[in-house]
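S.K.: Got a predicted structure here, sequence first:
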Amino acid sequence: MEGYDGAHCQSSGVNCGIVEFTLTNGHGKGMQNSADYSLLDGPGLGNHKFHYKMNFHFTGSCTKSPGGPCTGNSPRQCPGAYLGDKTEGGAPTQCLSDNTGIVITFC
């Protein structure tokens, strides 16, 4: 989203909202696929701010999603997101499944 008009996004995601994710093939060893929205904003937290709609869903052997797109800077508008300086306040979407992909949509 670097260069997104009016948001001053950096290639690292600084100044804009992000989708954080981990994909893994745990082969039955309890490793999880996980994704969440992040609008963390504060010292050392990346200065992530809402500027555009975000959405994601897993594909392949897992089809979970966060329950809706992120359309604002509140728990109701951005389901499961990490907001403000609350590093323990989010609820990542998770699943135990091999051969999982992810589709992320911005705007």
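M.R.: Right, received. Where do you want to start? Numbers count the residues shown, from 1 in each chain.
S.K.: Buried residues in stretch 69-86, which are they?
M.R.: 69-70, 73, 77-83 (16 or more other CB atoms under 10 Å). No exception for glycine: its C-beta is placed from N, CA and C like everyone else's.
S.K.: just stretch 85-94 next, same as before
M.R.: 90, 92-93.
S.K.: Same question for stretch 92-107.
M.R.: Per 16+ other CB under 10 Å, stretch 92-107 contains these buried residues: 92-93, 97, 100, 102, 106.
S.K.: and if you look at stretch 17-28?
M.R.: 17-20, 23.
S.K.: now that stretch: how far from the chain's centre is it?
M.R.: How far stretch 17-28 lies from its chain's middle: 11 Å, per CA atoms, centre = their mean, to the nearest Å.
S.K.: what's next to it, contact-wise?
M.R.: 31-39, 46, 48-52, 54, 56, 70, 78, 96, 98-102, 104 (CB atoms under 8 Å, 6 or more residues apart in numbering).
S.K.: which one is Gly67 nearest to, not counting chain neighbours?
M.R.: Excluding the flanking residues, the one nearest Gly67 by CB to CB, 6 or more residues apart in numbering is Pro79, at 4.3 Å.
S.K.: Pull the contacting residues for the one you found.
M.R.: 37, 66-68, 70, 91.
S.K.: still on that earlier bit, determine which two of the buried residues of stretch 17-28 are furthest apart.
M.R.: Between any two of the buried residues of stretch 17-28, the greatest separation by CB to CB is 19.9 Å, found for Gly17 and Leu23.
S.K.: And the contacts of Pro79, which is closest to Gln10?
M.R.: For these, the nearest to Gln10 is Tyr37 (17.8 Å; CB to CB).
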